[in-house]
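Enquirer: sequence first, then the predicted structure:
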Amino acid sequence: MVVPDVMTAGTVARTAAFTAETCTRVSMPLPTTIKLTPGKRVLFLTKDLELIKKQLYESLDLRMADLRVEDLLDDINTDTMTPAWVCFDYDPAELARNAYAGLFDKDGERVFKQDALINGKFEVIVSGQRKGTGSSRETAPQAEKWGGISLVIAASFAPIHERNNINLGQVMGNHEQLKRLQAGEEIPLAEFMKDYDPVTRIILESGGLFPFSKLLAEGKIDLPKLSNPKRPMNMAEKLIASHLVEGQGEPFVKPGDPVMVKVDAGYSHEFTTAQVHYFLESEYGKDYQVQNPEKFAVFEDHLLYAKGVARFAKFADKIGTLVSMQNVFQKHTNVRDYSAKDGISPGICHQVAREHFIDVGDFVQATDSHTCMGGASNALAYGVGATEYAGLIHSGFTFVQVPESIRFNLTGKLQPGVTAKDVMLHILDTYAKREDTLNRVMEFGGPGLASISMDERATLTNMATECSAKTGICEADDLLWNWLRQQRGLSDAQLAEMKKRAVTPDAGAHYDGGVHEIDLDSIKPMVAEPGDPTYGKLIDGLGDVKIDIAYAGSCTAGKYDDFDYYAQVCKEAVEAGLKVHDGVKMFIQYGSEGVKKYAEAKGYPELFAKAGVEVINPGCGACIGCGPGVSDTKEQVTVSAINRNFPGRSGPGKLYLASPLTVAASAFTGKITAYRKGMFAEQPAGV
């Protein structure tokens, strides 16, 4: 795209970029009109992978006028764009060399070889629906940007990914606009931003979040003032309204309002902290400061076991560098330190954060898509990229476009053998599949919520990101207050203060996604078939699916209640004279140090040993392909309690998502099996 001499009136337009030689940020203006650059190309990510190869390696050029949107890849996830091992490079110029390293052909070969995107001289990349689902990793749009892409075309974008593009100064458009560009038309930048709020437009015109923040600090940007009359608000709206930075007008917000919001808490982990530290030093100098460090944290949880996985062992030095840079960041900022001690992590960031420091009514931001797990505690929590996190931890506030919401009223009670994971697989298969949840806050309430424990509520909100939702949030009730008293040892006075911060929906609150009733009594055990969490299927109709691996862990399924589920199944199996089925390996991994101590006090490790289960210390692992429990070959079949099953995420094999009860039961039957109390008494010993 060319950059004209004249810029939008009143805008100081810049764009952040890295150069491979200096790895420093440089500024350059953003164009006011968009047109294709002679000599540059458009890359279409088609469902026909051979067509992608021909574009990459045989100079084939395609035109949108000759294609349908249906011909383009949907649901391209961030694991595909930058798999875990690519993220070991914190320098975007380096990681761009392996953009789309997670896209494989039918023979298991990389479609994008190293430097393929860069060498192709592409400036536009085109895909179908829901671009950028999955993890919040900002490395995905970074790989495109530093690979030469300056215009991203898709039918729709996952919310965190869309925000990351905006924060990097990346222009996004649709397929009709691309047709016009390929016909030789110039399109004003303003047209690509017509659906954005005023502040997002300024961020993009400024070239991204960092240049915007500097202009704001210098007083060169006037934020729009809120003028909404008093109105009934839902939970997300009320929490945002209570966190508005002063001077923005009336404290009543509605979807689409652009506001600056105070951030209460957050965290990063060794996969992301290096970039956060690097960006802060680059933008604000080596003496940069952060706000409220006692409510922010770093975790060493994601890569602790990666060196033991064959395909990651060669990256040991890079992993060591990431950990070292996180240690430097922690010492510099004095944020909470959850580093591993003697090789053992305190636990997965999302679980530990809710145990230790996420409070009711908090607004939480962290560099991981499963940050939304904090919503179980009546907090508004969601993941952001490294750029946005660096900005907010430095300033104490961040930009928010008030999201839409969708309400789920829970009624009834889950039947025996059914868990919150099954509820989420049902929601994914029903509501997420038709995009009802896309970029919306999933609000959970209703009389049935009282029958769901705090850990199970955390499963509901944790998997909101699998629905491509903004986040999930649960109403506060006596279960929450009792859990906080037990978990944190809070006094009556402390709980009383906490209750003042709780948010509940007002009568008459509006939900753009509608209000939906979920009858918990009707939910049945489900799985998500390999490839994507939305491929839901009832286990009753699945048929015989033999398994090689049963993995029980991750932030979704390594909590206190989850271990009660695992122990319940293992106890019944052992009493029936059973061990884990021949040819199957079962792994159970603690979500936190607290969960491990709880399990030990209950005698669970001894029970698991009798059952033939391998128990793993706290931390992430197979969920991101970085620990025991990953598949080794594409023929292996895994049933797993993790939250997502994108191709290659947990090894090359086929991965089914299921509840903790289903995973445990399947380990003893050797095939995917829904748990029923007393089921093992029906089987002869040794089966």
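Expert: Sure, I can see it.
Enquirer: got a list of what the residue lying closest to residue 464 once chain neighbours are set aside touches?
Expert: With sequence-adjacent residues excluded and distances taken as CB to CB, 6 or more residues apart in numbering, residue 464 is closest to residue 472, at 3.4 Å. Yep, even glycine has a C-beta here, placed from its N, CA and C like the rest. Residue 472 sits next to 372, 375, 441-444, 460-464 when contact means CB atoms under 8 Å, 6 or more residues apart in numbering.
Enquirer: what is residue 472 paired to in the beta sheet?
Expert: Here residue 472 sits in beta bridges with residue 442, going by DSSP bridges.
Enquirer: circling back: the contacts of residue 472 in strands, which ones?
Expert: 441-444 (DSSP state E).
Enquirer: quick check: of these, which lies closest to residue 121?
Expert: Checking the ones in strands among the contacts of residue 472 against residue 121 with CB to CB, the nearest one is residue 441 at 40.6 Å.
Enquirer: tell me the contacts of the closest one?
Expert: Listed by CB under 8 Å, 6+ apart, the contact set of residue 441 reads 234-236, 380, 403-406, 469-473.
Enquirer: distance check, it against residue 406.
Expert: From residue 441 across to residue 406, the span is 7 Å (CB to CB, to the nearest Å).
Enquirer: quick check: neighbours shared by those two?
Expert: Contact with both residue 441 and residue 406 is made by residues residue 469, according to CB under 8 Å, 6+ apart.
Enquirer: just the pLDDT at the most centrally placed residue in the chain, thanks.
Expert: Centroid check for the chain by CA atoms, centre = their mean gives residue 369 as the closest residue, at 2.0 Å. Predicted confidence (pLDDT) for residue 369: 91.
Enquirer: likewise for residue 200?
Expert: Per-residue pLDDT puts residue 200 at 91.
Enquirer: with the one 3 residues further on instead?
Expert: Reading off the per-residue confidence, residue 203 sits at a pLDDT of 90.
Enquirer: and the strand or helix carrying it, what does it pack against?
Expert: Using DSSP states H and E, residue 203 maps to helix 198-206. If contacts are counted by 3 or more CB pairs under 8 Å, 6 or more residues apart in numbering; DSSP states H and E, helix 198-206 sits against helix 159-167, helix 189-192, helix 209-217, strand 258-262, strand 397-401.
Enquirer: just confirm residue 37 is within a strand.
Expert: No: Residue 37: not assigned to a strand; according to DSSP: H, G, I helix; E, B strand; the rest coil it is coil.
Enquirer: tell me, how many residues neighbour it?
Expert: Using other CB atoms under 10 Å, residue 37 has 13 other residues around it.
Enquirer: mind giving me the domain split of this protein?
Expert: Domain assignment for the chain, taken from automatic domain parsing, gives 15-217, 235-400, 404-522, 526-682.
Enquirer: in JSON lines, list those domains along with distance to residue 228.
Expert: What follows is those, written out as JSON lines (distance: least, CB to CB, whole Å):
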{"stretch": "domain 15-217", "distance to residue 228": "14"}
{"stretch": "domain 235-400", "distance to residue 228": "4"}
{"stretch": "domain 404-522", "distance to residue 228": "12"}
{"stretch": "domain 526-682", "distance to residue 228": "35"}
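Enquirer: contacts only, for residue 416.
Expert: Applying CB under 8 Å, 6+ apart, we find residue 416 in contact with 676-677.
Enquirer: what residues of stretch 197-207 count as buried?
Expert: Buried residues in stretch 197-207, counted by 16 or more other CB atoms under 10 Å: 197, 199-207.
Enquirer: ok so, going back, report the buried members of the contacts of residue 441.
Expert: Buried by 16+ other CB under 10 Å: 234-236, 380, 403-406, 469-473, out of the contacts of residue 441.
Enquirer: quick one: which of those sit in helices?
Expert: Assignment to helices by DSSP state H places the following of the buried ones among the contacts of residue 441 there: 235-236.
Enquirer: now, among the buried ones among the contacts of residue 441, which is nearest to residue 496?
Expert: Closest approach to residue 496 among the buried ones among the contacts of residue 441 (CB to CB): residue 235, at 20.4 Å.
Enquirer: and the closest one, how close does it get to residue 199?
Expert: 23 Å.
Enquirer: residue 294 now?
Expert: Taken as CB to CB, the span from residue 294 to residue 199 is 29 Å.
Enquirer: again, but for residue 449
Expert: Residue 449 is 34 Å from residue 199, where distance means CB to CB.
Enquirer: just confirm residue 124 is within a strand.
Expert: Yes: under three-state DSSP, residue 124 sits within a strand.
Enquirer: in stretch 596-608, what counts as buried?
Expert: Result for stretch 596-608 [16+ other CB under 10 Å]: buried residues 596, 598-599, 604-605, 607-608.
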